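K.L.:
Next input, structure requested:
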Amino acid sequence: MLEIILVRHGETEYNASETFRGRADVPLNETGLKQAKLLGEYLAAEKINVVYSSPLQRAASTAEAIATPQKLEIKLVENLNDIDCGEWQGLTLKEVKERHEDIYQDWLDTPEQVRIPGGESLEDVRCRALPFVQDAVTRCREGKIVLVSHRAVNKVLICALLALDNSFFWSFKLDTGAITRLNFNGNRTALISHNDTSYLKPLRLPTHQDF
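P.N.:
Next up, the predicted model:
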């Protein structure tokens, strides 16, 4: 039995200000650093075989906090990079709604049909991320693997691993620092837990919308 642990990176100033991140290499903010520290402590008692991460520093810093107590080196993987937000990168949610009203509404209504202007579609993300995860699962076979990535990537992967299409993108929430666990038995993937932020209770963070 193999356990797949999907982790969304900790908070950045772009998350806090509801700014589209994409490939912008923004670091964890103070809250994000605290989240990463608590995450590393939370998973320290578990035997993890390998830690993969998006190359962006917000994910890599989160992954490092997990890998260090395990005495592991993180493996940076371009396939886990955030969705390319194209023209939306660096814009606030309010600005995107104003400048790209129709496309943004389509993004909410039919995300599986939208390509972000100048950027990627969810299917593009699926086509690069899922084959890597499938290969990683095949190579590890049993134990636990951690993949630290981004909201869009993790949501797409959860859909794919549960045999759901990308139209389910908005059917579940994923907070910063959240953990999703899935078991793979060689034939089927089963969801064990989702959006686990229980370890963050000491921070008493406010509840944010799915962004």
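K.L.:
Apart from its neighbours in sequence, what residue is nearest the residue most central in space within the chain?
P.N.:
For the chain, the residue nearest the mean C-alpha position is residue 150 (2.8 Å; CA atoms, centre = their mean). Here the nearest residue to residue 150 in space, its sequence neighbours aside, is residue 82; by CB to CB, 6 or more residues apart in numbering that works out to 4.0 Å. Every C-beta, even on glycine, is put in place using the N, C-alpha and C of the backbone.
K.L.:
so what's the residue nearest to the centre of the chain up against?
P.N.:
8-9, 21, 54, 56, 59, 80-83 (CB atoms under 8 Å, 6 or more residues apart in numbering).
K.L.:
Those in helices, which ones?
P.N.:
Counting by DSSP state H, the contacts of residue 150 place residue 59 in helices.
K.L.:
Tell me the one among the contacts of residue 150 nearest to residue 138.
P.N.:
Using CB to CB, residue 80 comes nearest to residue 138 of the contacts of residue 150, at 16.7 Å.
K.L.:
Can you name the helix or strand that the residue lying closest to residue 125 once chain neighbours are set aside falls in?
P.N.:
Once flanking residues are discounted, residue 125 sits nearest to residue 156: 4.8 Å by CB to CB, 6+ apart. Following DSSP states H and E, one finds residue 156 within helix 151-161.
K.L.:
What residues sit buried inside that helix?
P.N.:
151-161 (16 or more other CB atoms under 10 Å).
K.L.:
Make a markdown table out of these and add distance to residue 132 and pLDDT.
P.N.:
Shown next, in a markdown table, are the buried residues of helix 151-161 (distance: CB to CB, whole Å; pLDDT from 0 to 100):
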| residue | distance to residue 132 | pLDDT |
| --- | --- | --- |
| 151 | 18 | 98 |
| 152 | 15 | 98 |
| 153 | 10 | 98 |
| 154 | 13 | 98 |
| 155 | 16 | 98 |
| 156 | 12 | 98 |
| 157 | 10 | 98 |
| 158 | 15 | 98 |
| 159 | 16 | 98 |
| 160 | 11 | 97 |
| 161 | 12 | 97 |
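K.L.:
thinking again about what came up before, look up how far residue 45 lies from the residue nearest to the centre of the chain.
P.N.:
26 Å (CB to CB, to the nearest Å).
K.L.:
Over to residue 32?
P.N.:
Per CB to CB, residue 32 is found 23 Å from residue 45.
K.L.:
quick one: which of the two has more around it?
P.N.:
The neighbour comparison of residue 32 against residue 45 (other CB atoms under 10 Å) goes to residue 32, with 23 against 7.
K.L.:
need the helices for this structure, in chain order.
P.N.:
Secondary structure of the chain by DSSP H: the helices cover 13-16, 30-43, 57-70, 93-99, 101-109, 122-140, 151-161.
K.L.:
Let me have those in CSV, adding distance to residue 49 as columns.
P.N.:
Compiled in CSV, the helices of the chain are given as follows (distance: least, CB to CB, whole Å):
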stretch, distance to residue 49
helix 13-16, 29
helix 30-43, 12
helix 57-70, 9
helix 93-99, 38
helix 101-109, 36
helix 122-140, 6
helix 151-161, 18
